[in-house]
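Engineer: Need coordinates for the below:
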Amino acid sequence: MPFTLKKHKAIIGKKIQIFLIHELGLDPKIGQRLTSKGRIFDENMNTINTGETIPTEYIYIAVFEGISRGLKPLIEFSDFAIFDKPTNLMVHPISKNTPYSLLDEIRFHFGENANLIHRIDAETSGLIIVGKNKKSEIALKEMFQDKKYHKSYLAIAQGHIKEEIRIDKGLDREGLVIGVRMKVCDDGKESVTIIKPLKYNKEKDLTLIEAIPLTGRQHQIRVHLYSIGHRILGDPIYGVDDENAENYLNKTLSEEDRFEVTKSNRLWLHANYLEFTYKDITYKIFSKNKDLYNEFIRDRSKFCVKQVK
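Structural biologist: Down below sits the predicted model:
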């Protein structure tokens, strides 16, 4: 995640936020974010914090400049684009030390005003909408906040799911050892997922399903499937003990242990379909990634032998 220092002629003694807004023309929210994240410096490379005055003739602003590793949008329109994200790729950096994320590709292709409209977990693959400018970003984010879209996922679930299921169990944070882990509970936030079985693999005892979340809670599909006894293949947080879940989150769980505990080296959840209306045009987008289908049908016996060696 490369940052470049950009030099700006400043006004000594002026409040940094006022300077950013009135002299550089930045949106107040962007200025606040830059100061709160420590990305503005004086000539001596001292951080200029929120509320402080400018002490030197010039200031430097650390600007994110994306690098590309060859990932291109699945499809592009004038105001937005859609990426088909591979697994094991974060959509957004978690710190300045994150070497690469989907945001790198977004900024590389579309510039510093392009941004994510929504997010999916790093191990979840599939469709992500990107606003190419601030105006489209605001409009598309409002569309997501107002739930004016349809989204469906594909997943490989353990066990045999024989018929369509509506899961309407409330969700809340577990609040125990694993901070990101969610739980179903009667007084949790309203959460609804429709599960449709597509195909059953009797030999592997796995069901290929379509999951349609009618609400957008953290880990919703994963928790709901686990709550009915059909954990998603490869899930390293739900259906595993606290020690292995914590090791996974701390990146200390080996590939061999991950496979032994979860039966796979990735979470088999894929954002497969998006439907939404933007400027009176309805878009219906399907992913072209076939990794999940291929995993569902492939012979795993040789792979399992490799893991044991």
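Engineer: Leaving out chain neighbours, which residue sits closest to Tyr153?
Structural biologist: Once flanking residues are discounted, Tyr153 sits nearest to Ala211: 4.5 Å by C-beta to C-beta, 6 or more residues apart in numbering. Backbone N, C-alpha and C define where each C-beta goes, glycine included.
Engineer: looking at it, that neighbour is touching Ile195, isn't it?
Structural biologist: Yes: counting by C-beta atoms under 8 Å, Ala211 touches Ile195, with 5.7 Å between them.
Engineer: The two: who's more crowded?
Structural biologist: Set Ala211 next to Ile195 and count neighbours by other C-beta atoms under 10 Å: Ala211 wins out with 26 against 22.
Engineer: Just the pLDDT at the more buried one, thanks.
Structural biologist: pLDDT recorded at Ala211 is 98.
Engineer: What of Lys96?
Structural biologist: Here the pLDDT value assigned to Lys96 is 69.
Engineer: now do Val240
Structural biologist: pLDDT, Val240: 94.
Engineer: mind listing the helices for the protein?
Structural biologist: Assigned by DSSP state H, the helices in the chain fall at 16-18, 28-36, 102-110, 134-145, 220-227, 242-249, 255-262, 291-297, 301-308.
Engineer: Residues contacting the fifth one, please?
Structural biologist: Meaning helix 220-227. Outside helix 220-227, the residues that touch it by C-beta atoms under 8 Å, 6 or more residues apart in numbering are 153, 155, 157, 167, 169, 171, 182-184, 191, 193, 195, 211, 213, 217, 231-232, 235, 237-239, 267, 269.
Engineer: ok, now with 6 Å
Structural biologist: With C-beta atoms under 6 Å, 6 or more residues apart in numbering as the test, helix 220-227 has contacts from 153, 157, 167, 169, 171, 182, 184, 191, 193, 211, 213, 232, 235, 238-239.
Engineer: Pull the distance from it to the chain's centre.
Structural biologist: Centroid separation between helix 220-227 and its chain, computed with C-alpha atoms, centre = their mean, to the nearest Å, is 17 Å.
Engineer: Need the mean per-residue confidence for that helix.
Structural biologist: In this model, helix 220-227 carries a mean pLDDT of 97.
Engineer: circling back to that earlier point, any idea how far the residue nearest to Tyr153 lies from Ile165?
Structural biologist: Distance from Ala211 to Ile165, counting by C-beta to C-beta, to the nearest Å: 10 Å.
Engineer: which neighbours do these two share?
Structural biologist: Jointly contacting Ala211 and Ile165 under the rule C-beta under 6 Å, 6+ apart are Ile195.
Engineer: Report how many residues lie close to Ser264.
Structural biologist: 18.
Engineer: Against Asn272, how distant is the residue positioned nearest the centre of the chain?
Structural biologist: By C-alpha atoms, centre = their mean, the chain has its centre lying nearest to Ile120, at 2.9 Å. When distance is defined by C-beta to C-beta, Ile120 is 11 Å away from Asn272.
Engineer: picking that back up, got a list of what the residue nearest to Tyr153 touches?
Structural biologist: Per C-beta under 6 Å, 6+ apart, neighbours of Ala211: Tyr153, Ala155, Thr193, Ile195, Ile221.
Engineer: Strands - which of those residues land there?
Structural biologist: Among the contacts of Ala211, DSSP state E puts Tyr153, Ala155, Thr193, Ile195 in strands.
Engineer: and the first one, bridged to which residues?
Structural biologist: What that stands for is Tyr153. In this structure, Tyr153 bridges to Ala211, Ala271 when assessed by DSSP bridges.
Engineer: try the last one
Structural biologist: Each beta-bridge partner of Ile195 is listed here: Ile165, Ala211, as defined by DSSP bridges.
Engineer: Which residues are in contact with it?
Structural biologist: Residues near Ile195 by C-beta under 6 Å, 6+ apart: Ile165, Ile209, Ala211.
Engineer: Can you report how many residues lie near the nearest residue to Ile194 once chain neighbours are set aside?
Structural biologist: Nearest non-adjacent residue to Ile194, counting by C-beta to C-beta, 6+ apart: Ile212, 4.2 Å away. Neighbours of Ile212 under the rule other C-beta under 10 Å: 18.
Engineer: got the buried residues for stretch 10-26?
Structural biologist: Ala10, Lys15, Ile16, Gln17, Phe19, Leu20, Ile21, Leu26 (16 or more other C-beta atoms under 10 Å).
Engineer: can you pull the contacts of the second one?
Structural biologist: Lys15 sits next to Thr53 when contact means C-beta under 6 Å, 6+ apart.
Engineer: Return the distance of it relative to Glu23.
Structural biologist: Using C-beta to C-beta, we find Lys15 at a distance of 11 Å from Glu23.
Engineer: List just the one of the helices of the chain that sits closest to Thr4.
Structural biologist: With C-beta to C-beta as the criterion, Thr4 lies closest to helix 102-110 of the helices of the chain, at 11.3 Å.
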